[in-house]
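Q: Quick one, structure for this:
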Amino acid sequence: MKRIVILIVLVAIAGVAGVVRSSVKSVSELRGLVSHRNATDVRQEIRQTYELAPGARVEITGLNGAVNIETSDTKTAEIYIERTASCQEALDRRKVTIDADANGLRIRGDKADDAGFFSRLFGGSASERATLKLPRQIALTAKGVNGAFITSDIDGAVEVTGVNGRVQVGSAVGSATFKGINGNIVVGLKTLDQQGVTLRGINGNIELQLAADVNADFDAHGMNGRVISDLPGVQIDREKRGNYWARIGTGGAGVSAKGINGNIRITRGSVQTATSAATQN
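A: Okay, here's the model as predicted:
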C-alpha cells in the first residue's frame, strides 16, 4: 500500500512539472511571436529647427527618457530626439509629436491606443533622449518626464511636474514651480515675482541657489528632513516638527514647501552647466 501511495505522488509531481514546462514554453513562444524575434534595438532620430519670439512658451510632456536643454542668446530652437525600442512595433506604439509657432513650442510623447494587450505586455516600450538648444528668453514647462531633466539658464518662469529623475535648473526668473518630483532638485533663482517658488511632493533633497538681491519669506510644512541656510544673516526658525520659517533679506515673495521627503538647503553660487551635468548621468 505504501508503495502505491509513493507511486501516485511521483506521478502527480511529474504531471505538475510537465504543466509548468509547457506553460513556460508557451509564454516564451508568445513573447517571441509578439516581438517578432528581433533582439536588436531599432532607432529613430528626430531633428527639427524653429524660430521663436522672445518670451515664447516651451512645453515638454510625456517623454520616456532624459531631457537636456542648453540655452543661449538666440531665437532659434534646435531639437534632437533619439528614440530607441526593442523592435519596430514597440517604436510605432509610441508617438512623439512636435508643433510650434513663433509664440510656442510643444513636444509631446503619446502612447498609441490601438496596441493589443499582449503587445503591450511582451512587446517592450520605446524610450526617448531629448537634447534641445533653445533661446534663453522663454517660459519653460515640463510634465511627466521619466528621466533626468536638466536645463541651463532660463530668463523666464519654470514649471516642472511629475518627473522621475534628477531636476537641475541653472536659473529661473520670476517664479519656479516643482511638484511630484522623484529625485534631487538644484535650482538657481535670479529674481522672484509675487508667485515666488512652490515646492510640493518632492522625494529628494532640494538646493535653492539665490542671487544676492533676492528677498523672500520661506515657509515649509510637513517636512521629513531639515532646512539649512548658508546665507549670512538668515536664521531658520523651527516652529514644530516638520515646520520651518525664515526671512531672506527684507522678505517679500513666498518660497513655499510642503510634503518634502528630504533636506532643503538655501545657498548662493552657480550650478554646473547643463552639458557638464548631463555627462554624469
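
Q: Name the next helix or strand downstream of the strand or helix carrying Gly174, please.
A: Secondary structure assignment for Gly174, by DSSP states H and E: strand 167-181. Proceeding N to C from strand 167-181, the next assigned helix or strand is strand 185-202, under DSSP H and E.

Q: Summarise which helices and strands that next one is packed against.
A: With contacts taken as 3 or more Cβ pairs under 8 Å, 6 or more residues apart in numbering; DSSP states H and E, strand 185-202 sits against strand 167-181, strand 206-210, strand 216-221, strand 253-260. All C-beta spots, glycine's among them, are computed from the backbone N, C-alpha and C.

Q: partners of the strand holding Gly174, with directions?
A: Sheet partners assigned to strand 167-181 using DSSP bridges are listed as strand 149-151 (parallel), strand 158-163 (parallel), strand 185-202 (parallel).

Q: would CSV of those strands with mean neighbour count be doable?
A: Formatted as CSV, those follow (neighbours: other Cβ atoms under 10 Å):
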stretch, mean neighbour count
strand 149-151, 27
strand 158-163, 20
strand 185-202, 19
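
Q: Make CSV out of those strands and add mean pLDDT.
A: Below are the strands paired with strand 167-181 laid out as CSV (pLDDT from 0 to 100):
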stretch, mean pLDDT
strand 149-151, 98
strand 158-163, 98
strand 185-202, 96
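
Q: Provide a list of residue ranges in the protein with pLDDT below threshold.
A: Scanning the chain for pLDDT under 70 picks out 1-40, 112-124, 269-281.

Q: center of it, which residue is that?
A: The centroid of the chain falls nearest to Val163 when counting by Cα atoms, centre = their mean (2.8 Å).

Q: which SS state does Glu89 fall under?
A: Classification of Glu89 by DSSP: H, G, I helix; E, B strand; the rest coil places it in helix.

Q: Give me the neighbour count for it.
A: When neighbours are counted by other Cβ atoms under 10 Å, Glu89 registers 18.

Q: ok, the closest residue to Lys111 other than its chain neighbours to Glu128 distance?
A: The spatial neighbour of Lys111 that comes closest, neighbours along the chain excluded (Cβ to Cβ, 6 or more residues apart in numbering), is Arg94 at 5.7 Å. Applying Cβ to Cβ, to the nearest Å, the value for Arg94 to Glu128 is 8 Å.

Q: any residues in contact with both of these two?
A: Asn64, Arg83, Gly109 (Cβ atoms under 8 Å, 6 or more residues apart in numbering).

Q: any idea how far Gly262 lies from Val96?
A: From Gly262 to Val96 the distance is 32 Å (Cβ to Cβ).

Q: and if you look at Asp73?
A: 28 Å.

Q: of these two, who's got more company?
A: Val96 (18 against 8).

Q: If the more buried one is in a bridge, with which residues?
A: Beta-bridge partners, per DSSP bridges, of Val96: Gly109.

Q: OK, contacts around it?
A: Val96 neighbours (Cβ under 8 Å, 6+ apart): Ile46, Leu63, Ile81, Arg83, Ile107, Arg108, Gly109, Asp110, Glu128.

Q: ok, those residues vs Ala139, which is closest?
A: Checking these against Ala139 by Cβ to Cβ gives Ile107 as the nearest, at 14.6 Å.

Q: Distance-wise, check that closest one relative to Gln209.
A: 27 Å.

Q: So if I had to pick from these two, which one is more boxed in?
A: More crowded of Ile107 and Gln209, by other Cβ under 10 Å: Ile107, with 25 against 21.

Q: What lies in contact with the host helix or strand of that one?
A: Per DSSP H and E, Ile107 falls inside strand 104-111. Strand 104-111 has contacts (Cβ under 8 Å, 6+ apart) with 50, 52, 56-64, 77, 79, 81, 93-100, 128, 130, 134.

Q: Tell me the buried residues in that strand?
A: Gly104, Leu105, Ile107, Arg108, Gly109 (16 or more other Cβ atoms under 10 Å).

Q: now swap in stretch 206-213 and tell me
A: Ile206, Glu207, Leu208, Gln209, Leu210.

Q: contacting residues around the residue nearest to the centre of the chain?
A: Ala142, Gly144, Val145, Asn146, Gly147, Phe149, Gly180, Ile181, Asn182, Gly183.
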